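Undergrad: Below is the sequence, then the predicted model.
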Amino acid sequence: MTELKVNFPSVSTQALSRLVESYLHAPSPTLAKTLRSLLAEWEVEQEQPLPPQILEKALEQSPVAVSITDLNANILYANACFTEVTGYSPDEIIGRNESVLSYKSTPLEVYQALWQTLLEKQRWSGVMVNKRKDGSRYLAELCITPVLDKDGEPTHYLGIHRDITAVFALEQQVKNQKALIESVIDSTPAAMAVLDTHHKVLLDNHAYKKLVGDMRGKETAHALLDSMVKEDAGFSTILEQRQSFHEIEVPCYIRGGVEPRWFLVSGIWFRELASTADAFFSGEKVPYLLLLAQEITAQKQQQEEIRRNAMRRLMAEEELTQGVRETLAAAVYQLESPFNMLSAALDMLQRREAKNAMDGTLLSVLSEVREQGENILRNLHNAIPQASVIEPSSINFNRIIHDVLLVSTERLLSQGIVIDWQPLPTLPPLHGLEPNLRSMVKQLLDNAIDAISDSDAGLREIVLQTTSEESWVCFSITDSGPGVPETMRLKVFEPFFSTRSGSSGHHTGMGLSLVQEVINQHAGTIEIDPDYADGCRVQIRFPVARV
Ligand code: FAD
């Protein structure tokens, strides 16, 4: 039997071949590759088995620490890298037990598992804390393989290990940095989530998790992004093109909640190096979306409260001005007819005077009366307050109705009237004059309340509904009052026409004529539904704003 020229005399060529066989399967890709290519090269060129010297050299020059032991872990062979890693030269280590490397902080269970596996003739791999010759410690990633003889019995153990202290330090550093980043992110009151390009949430913070809880498990990021697209269809392009966006106010409806919660949402796209094997040389980067959502519901409610109060004040002022306008217009209207008669009579008298040479005293008195009358009428006309000039804007008609219902709540409650409000959730916007539209809805609602108050029908209900048809926004208001007789369905829109006796108090008969005026301003249509018999249903249509 040929003895190999290795540092120990007892390993035969066959044993070494078996060792190399085991080694070929060991998880050291570099060495396995080197050995395989050496073997292949040799067999091709020489057409005979690889000489043992080559294998010995390959083991010796291997870039990982290799040791071969007997079955009690007494070292029989150690390569150059073993010396490099442990500090022990072959002379110092051969004949000693591997336990010389043990730094006793490795738990006993690790050794027990190692030996149990080896006794089962299986390969063991794991990590141990090792001690070098100089006493310094390093972390060893070990793979120990039993070398089996032809009967399948272990004769030796092959140990391969490498120092992974630096890798471990790096891993720890990454973990620590991750923990630090996570604790900073977690302590941020804004909800944060990192999404991949398919909008799958990969990372989130406490505030985000809490929101998901509030939304009963619904992915909040999806709800926010959906809501943004719903509010502004153009936003889907921003998302598709992966553009970042900043502080967009987004309403988010939580299941069961009537009012939305509001968030200031920002999205920042960033790119990270891909971690797949393909990306090793290509340096491919993967895009991610960092979504930040800061809740602003309280501020929004405060703003809304201020807006509502301002709107209430404005509507009260508008109502007052409207009242003055109607009263003065009614006065002018009522004065105009006797005055016109007087004027006509005076004209007749003047013609007669010219023919019959009548006494001019009466005529001059009447002329003076006419002149004074004309002055009074002019003054009254000039005293009619003009509507303030406002710029048209894009309007959500549901919001107008909502505002009017808010200011009318007290009146509705005092009259015991039930409101059935059926808004179309995604109503297209109108282009128009907000205060005028608000006055119009208020007028229609007041009319409906008055109609119900006048009737003794059991049902006291007003239904408000918005729908959309092609390029129209439709609004209907239905009351359970006595309804409008067919003969009056057009007349009610005339100025100073009222079905209420005497047109006294605030009923000047101008309400529906003003409604008609607003409809005309907005190129809309209005009609009293002729087919509705259980009260009155007013149907209005406005053209949808052109984008
Ligand atoms: P030990 O008394 O050696 O053993 C601890 C436990 O292992 C005990 O429960 C004991 O019953 C069991 N055990 C020990 N020897 C045997 C055996 N022959 N058969 C069955 N069970 C046994 N250890 C390191 O710390 N670092 C290394 O780099 C390292 N490399 C090794 C490489 C090889 C090829 C082999 C075979 C073993 C290696 N070991 C290594 C394990 C080493 O031999 C010791 O078992 C370990 O260091 C614990 O030593 P110890 O003196 O604390 O306890």
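TA: Perfect, I can see it now. Numbering: from 1, shown residues only.

Undergrad: Name the residues of the stretch 1-150 of the chain found near the ligand, please.
TA: Within the stretch 1-150 of the chain, the positions near the ligand by C-beta under 6 Å from any ligand atom are 67, 69, 72-73, 97-99, 101-102, 106, 111-112, 115, 119, 128, 130, 140, 142, 144. Just so you know, the C-beta spots here come from the backbone N, C-alpha and C atoms, and that holds for glycine as well.

Undergrad: oh sorry, the question was meant for the stretch 151-300 of the chain
TA: 157, 159, 161.

Undergrad: try it again with 8 Å
TA: Residues of the stretch 151-300 of the chain lying near the ligand by C-beta under 8 Å from any ligand atom: 157-159, 161.

Undergrad: coming back round to it: would you list the buried entries among the residues of the stretch 1-150 of the chain next to the ligand?
TA: Buried members of these, scored by 16 or more other C-beta atoms under 10 Å, are 67, 69, 73, 98, 101, 106, 128, 130, 140, 142, 144.

Undergrad: What separation is there between the nearest residue to Pro482 once chain neighbours are set aside and the ligand?
TA: Nearest residue to Pro482 in three dimensions, chain neighbours excluded: Ser455, at 4.7 Å (C-beta to C-beta, 6 or more residues apart in numbering). Look at Ser455 and the ligand: by C-beta to the nearest ligand atom, to the nearest Å, they are 97 Å apart.

Undergrad: low-confidence ranges in the chain?
TA: Applying pLDDT under 70 to the chain flags residues 1-49, 255-258, 354-360, 499-509, 547.

Undergrad: Can you name the next helix or strand after the lengthiest helix in it?
TA: Ranked by number of residues, the top helix in the chain under DSSP state H is helix 297-356. Next helix or strand after helix 297-356 toward the C-terminus (DSSP states H and E): helix 360-383.

Undergrad: Make sure Phe197 is actually in contact with Glu272.
TA: No Phe there; residue 197 is Thr. No. Assessed by C-beta atoms under 8 Å, Thr197 is found out of contact with Glu272, at 11.9 Å.

Undergrad: Overlap in contacts, those two.
TA: 286, 288 (C-beta atoms under 8 Å, 6 or more residues apart in numbering).

Undergrad: And the helices in the stretch 401-547 of the chain?
TA: In the stretch 401-547 of the chain, the helices defined using DSSP state H, counting those that start in this stretch lie at 434-454, 511-521.

Undergrad: Pipe the ones you listed into TSV and attach mean neighbour count per row.
TA: As requested, the helices of the stretch 401-547 of the chain are exported to TSV (neighbours: other C-beta atoms under 10 Å):
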stretch	mean neighbour count
helix 434-454	21
helix 511-521	19
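
Undergrad: which ones are touching the residue positioned nearest the centre of the chain?
TA: Closest to where the C-alpha atoms of the chain average out (C-alpha atoms, centre = their mean) is Leu224, at 1.9 Å. By C-beta under 8 Å, 6+ apart, the residues touching Leu224 are 250, 252, 263, 265, 291, 293.

Undergrad: likewise Lys133?
TA: Taking C-beta under 8 Å, 6+ apart, one finds 86-88, 92 in contact with Lys133.

Undergrad: Which of those ranks first by neighbour count?
TA: Greatest neighbour count in the contacts of Lys133, by other C-beta atoms under 10 Å, goes to Thr86: 24 neighbours.

Undergrad: Next up, phi/psi of that one, please.
TA: With angles defined as degrees, to the nearest 10, Thr86 sits at phi -90, psi -20.

Undergrad: I figured it hits Arg96, correct?
TA: No. The criterion here is C-beta under 8 Å, and Thr86 misses it with Arg96 at 10.8 Å.

Undergrad: Thought Trp262 was touching Lys300, still the case?
TA: Yes. When contacts are counted by C-beta under 8 Å, Lys300 is listed as touching Trp262 (4.1 Å).

Undergrad: For these two, list the residues in contact with both.
TA: With contacts defined as C-beta under 8 Å, 6+ apart, the residues shared by Lys300 and Trp262 are Glu249.

Undergrad: between the two, who's got more neighbours?
TA: Trp262 (21 against 18).

Undergrad: in what helix or strand does the more buried one lie?
TA: The secondary structure element spanning Trp262 is strand 261-273 (assigned by DSSP H and E).

Undergrad: gap between the very next helix or strand once past that strand and the chain center?
TA: Next along the chain after strand 261-273, taking DSSP H and E as the criterion, comes helix 279-282. With C-alpha atoms, centre = their mean, to the nearest Å as the basis, helix 279-282 stands 33 Å off its chain's centre.

Undergrad: Skipping its backbone neighbours, what lies nearest Leu273 in space?
TA: Per C-beta to C-beta, 6+ apart, closest to Leu273 is Lys285, 5.8 Å.

Undergrad: how far away is that neighbour from Trp269?
TA: Applying C-beta to C-beta, to the nearest Å, the value for Lys285 to Trp269 is 11 Å.

Undergrad: the more surrounded of the two?
TA: Shown here are Lys285 and Trp269; by other C-beta under 10 Å, Trp269 has more neighbours (16 against 12).
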